[in-house]
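> prediction below, plus the sequence it came from.
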Amino acid sequence: MNNFITSILSITIVVLLGFFAGKFKIIAKEYDGGFSIYILNFSLPILLFNTVANANLAQLLDPKMNIAFVIGLLGMFILTFVIHKFLLKKSLQESSQTAFLCAYPNTAFLGIPLMLAIVGSQAMLPIVVSNIIVGIIIIPLTLILIEIGLIGFANINYKKIALKIFKTPLITLSFAGMIFAIMQIKLPHIVQHSFEIIGGSTSGISLFTLGLIISRFKIIPTKIVWLNVLFKNILHPILMLSIVKAISLDGIIAKELIILCAMPPAISATFFSVLFNIKPSENITTTILSTMLSFITISLFLYLLHL
C-alpha cells in the first residue's frame with residue numbers, strides 16, 4: 001500500500017508541475033503540440049517497439065489476454081454507442097466519438113507511468129496488446145462510423161482510412177516489434193540503447209504534458225459528461241472484471257487488464273472530436289474530469305484487487 005501511495009503522490013506532483021507551468025504561462029500554449037508529437041510519434045512508439053520486440057512471444061500472443069481485451073474494449077465501444085445512439089438519440093458521429101472516448105483507456109499518458117510504478121516492467125505487455133487492439137479494431141471502426149455520419153455510406157474512402165491507420169507510428173512500430181519478436185531479430189547494441197533512452201522518457205513527459213493540457217481548458221460539466229465519466233471510470237473496469245472472471249483469466253495479468261480499463265480516456269481520443277468538430281468541449285471536459293477523478297477510482301480498484 002505504501003508503494004501505491006508513493007506512486008500516486010509522485011504522479012500527482014509531476015502532473016501538477018505541468019499544470020502550473022501551463023497555468024502561469026511558464027510554457028506557452030503553442031508549445032503544447034510539440035510535447036504531444038514527441039510522445040505519440042517518438043517516445044511512446046519506440047517504447048512499445050522495444051517492449052514487443054523483446055517480449056516473450058508466447059505471452060504476447062496469450063489467447064485469454066487477447067480475447068479479454070478484444071471483448072473488453074469492443075464491448076465497451078458497442079455498449080456506449082448503443083446507449084448514446086438509440087437511448088439518448090445522438091447522431092451517428094456523436095455516438096461513435098463518445099464510444100471511442102469511453103473504450104480507449106489512457107495507457108500512454110497515465111497508464112504507463114502508473115502501471116510501471118505499481119507492477120514493474122511486466123506491465124508493458126498488456127499495454128502493448130491494448131494499443132494494438134485499439135489500432136486494428138477500435139480506431140478503424142470509429143473512423144468508418146464517423147465518415148458514414150458525415151458524408152454517407154456510399155462516399156466512404158476505405159483506402160484513405162487505411163493509409164491514416166498505417167501511417168500512425170504507434171501502430172506501425174508495434175507491428176514492427178511483433179515482426180522482430182517473431183523473427184528473433186536483435187537491434188545493434190548502440191541503437192537498442194538509444195531507443196531505451198528515448199522510450200524511458202515517456203512516463204515523465206507524458207504526465208507533465210497531461211498537466212499542461214488540463215491547465216488550458218475550463219471544465220463545464222453536463223449530465224452527458226457525468227454519464228461518460230461514470231462509463232469510463234466505473235463501468236469499463238467492472239465490464240473487464242466480468243470478462244476475466246468469465247474466461248477464467250487470473251493472476252497479475254487479469255488485475256492489470258482491469259486497472260488499465262479503469263484509466264481515463266486517452267488524450268488522443270479527444271483529437272478526433274476536435275478534428276471532426278464533434279462536441280469538442282464535451283469530449284475535452286469528459287477527459288479532464290475523468291482524469292481528475294481517476295486517482296480516486298483507480299485507487300479504489302487497486303485496493304479491491306490488492307495491488
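Nice, thanks for sending it over.
> low-confidence ranges, the protein, go.
For the chain, applying pLDDT under 70 flags the ranges 1-4, 307.
> which helix is the longest one in it?
Counting residues, the longest helix found in the chain (DSSP state H) is helix 280-304.
> elements contacting that helix?
helix 2-23, helix 92-103, helix 202-215, helix 223-230, helix 251-261, helix 267-275 (3 or more CB pairs under 8 Å, 6 or more residues apart in numbering; DSSP states H and E). Any C-beta I mention is one placed from the backbone N, CA and C, and that applies to glycine too.
> can you tell me which of the ones you listed is most buried?
Highest mean neighbour count of the helices and strands packed on helix 280-304: helix 92-103, a mean of 26 (counted as mean count of other CB atoms under 10 Å).
> who does that one touch, helix- and strand-wise?
Helix 92-103 packs on helix 63-82, helix 139-151, helix 223-230, helix 267-275, helix 280-304, going by 3+ CB pairs under 8 Å, 6+ apart.
> and that helix with helix 267-275, angle?
170 degrees (axes from the mean of the first three to the mean of the last three CA atoms, to 10 degrees).
> relative to helix 139-151, how tilted is helix 92-103?
160 degrees.
> neighbouring contacts of helix 92-103?
73-74, 76-78, 80-81, 84-85, 90, 138-139, 141-142, 145-146, 148-150, 228, 231-232, 236, 265, 269-270, 272-273, 276, 278-279, 283, 286-287 (CB atoms under 8 Å, 6 or more residues apart in numbering).
> what's whichever helix or strand comes after that helix in contact with?
With elements assigned by DSSP states H and E, the helix or strand that comes after helix 92-103 is helix 112-118. With contacts defined as CB under 8 Å, 6+ apart, helix 112-118 is touched by 3-4, 6-8, 10-11, 14, 44, 47, 123-124, 127, 202-204, 206-207, 256, 259-260, 263, 298, 302, 307.
> and I71, what does it touch?
I71 is in contact with I243, counting by CB under 8 Å, 6+ apart.
> from I148, how far out is the residue of the chain most remote from its centre?
Distance from the C-alpha centroid of the chain, by CA atoms, centre = their mean, peaks at A154 (31.2 Å). With distances taken as CB to CB, to the nearest Å, A154 is found 9 Å from I148.
> center of this structure - which residue?
Note: the chain centre (CA atoms, centre = their mean) maps to N106, 2.9 Å.
> thinking again about what came up before, need the helices and strands packed on helix 92-103 in JSON lines (columns: distance to N54).
What follows is these, written out as JSON lines (distance: least, CB to CB, whole Å):
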{"stretch": "helix 63-82", "distance to N54": "18"}
{"stretch": "helix 139-151", "distance to N54": "25"}
{"stretch": "helix 223-230", "distance to N54": "36"}
{"stretch": "helix 267-275", "distance to N54": "25"}
{"stretch": "helix 280-304", "distance to N54": "27"}
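> for G177, which of these is the nearest?
helix 63-82 (15.6 Å; CB to CB).
> now that closest one and helix 139-151, what's the angle there?
Using the same axes, to 10 degrees, helix 63-82 lies at 20 degrees relative to helix 139-151.
> so which residues make contact with the longest helix of the chain?
By CB under 8 Å, 6+ apart, the residues outside helix 280-304 that reach it are 1, 4, 8, 12, 97-98, 101, 106, 110, 114, 118, 210, 213-214, 217, 219-222, 224-226, 228-229, 232-234, 237, 258-259, 262-265, 267, 269-270, 273-274.
> if we can go back for a sec, what sits in contact with each of A154 and I148?
Residues touching both A154 and I148 (CB under 8 Å, 6+ apart): none.
> among the helices and strands packed on helix 280-304, which is nearest H189?
Across those, H189 has its closest neighbour in helix 202-215 (21.1 Å, CB to CB).
> list the helices and strands that closest one packs on?
helix 2-23, helix 32-38, helix 44-53, helix 112-118, helix 280-304.
> got those helices as a markdown table, with distance to S174 columns?
Output for the helices and strands packed on helix 202-215, formatted as a markdown table (distance: least, CB to CB, whole Å):
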| stretch | distance to S174 |
| --- | --- |
| helix 2-23 | 24 |
| helix 32-38 | 18 |
| helix 44-53 | 5 |
| helix 112-118 | 14 |
| helix 280-304 | 23 |
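> how about F272: what's its closest non-neighbour residue?
Spatial nearest neighbour of F272, chain neighbours left out: Q97 (5.9 Å); criterion: CB to CB, 6 or more residues apart in numbering.
> ok, so what distance separates the one you found from V229?
Between Q97 and V229 the computed distance is 15 Å (CB to CB).
> rewinding a little: right, and the residue nearest to the centre of the chain touches A266 too?
Yes: using CB atoms under 8 Å, N106 is in contact with A266, at 4.6 Å.
> which residues sit in contact with L235?
Contacts for L235 (CB under 8 Å, 6+ apart) come out as 76, 79.
> with that, I have no additional questions.
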